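Colleague: show me the folded form of this:
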Amino acid sequence: MIEIEEEELLTVREVAKRLRVDTTTVRRWITQGLLEAVILPHTGKRRGYRVHIKTINALIDRKS
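Modeller: Residues are numbered from 1 along each chain as shown. A predicted model of the protein is given here:
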């Protein structure tokens with residue numbers, strides 16, 4: 001049996017709140033490749049992203 005490790009994914013809004021920045025900043029970081037994110041399938045104007053919580057925690061640890 002293969003064990004799959006579940007990991008929490010955060011929305012752009014949740015990431016922005018944790019990092020105390022605007023959602024536009026988070027989206028820019030993702031499109032510039034500065035922040036790794038999962039791209040969700042979309043049909044509207046805006047692309048949907050989810051960011052692994054471990055990515056955010058590593059970023060916060062690096063800053064401190």
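Colleague: can you show me the helices along the chain?
Modeller: Remark: helices assigned in the chain by DSSP state H are 12-19, 23-31, 53-63.
Colleague: tell me the average confidence for the shortest one?
Modeller: Average pLDDT, helix 12-19: 96.
Colleague: residues touching it, excluding its own?
Modeller: 10, 22-23, 25-27, 30, 35, 49, 51, 56, 59-60 (Cβ atoms under 8 Å, 6 or more residues apart in numbering). To be clear about C-beta, it is placed using only N, CA and C from the backbone, and glycine gets the same treatment.
Colleague: with the longest one instead?
Modeller: Where contact means Cβ under 8 Å, 6+ apart, the residues beyond helix 53-63 that reach it are 7, 8, 9, 10, 15, 18, 19, 35, 36, 37.
Colleague: what do you get if the cut-off is 7 Å, keeping everything else the same?
Modeller: 7, 8, 10, 15, 18, 35, 36 (Cβ atoms under 7 Å, 6 or more residues apart in numbering).
Colleague: number of nearby residues for the third one?
Modeller: I take that to be residue 10. By the criterion of other Cβ atoms under 10 Å, residue 10 has 19 neighbours.
Colleague: ok, what's across the strand from it?
Modeller: residue 51 (DSSP bridges).
Colleague: contact partners for it?
Modeller: 50, 51, 53, 56.
Colleague: who wins for neighbours among the residues you listed?
Modeller: Using other Cβ under 10 Å as the neighbour criterion, residue 51 leads these with 23 neighbours.
Colleague: now do the same for the most centrally placed residue in the chain: its pLDDT.
Modeller: For the chain, residue 51 is the residue whose C-alpha lies nearest the centre (Cα atoms, centre = their mean; 2.3 Å). At residue 51, the pLDDT value in this model is 96.
Colleague: again, but for residue 3
Modeller: Confidence score, pLDDT, at residue 3: 53.
Colleague: need the nearest residue in space to residue 48, chain neighbours excluded.
Modeller: residue 40 (3.5 Å; Cβ to Cβ, 6 or more residues apart in numbering).
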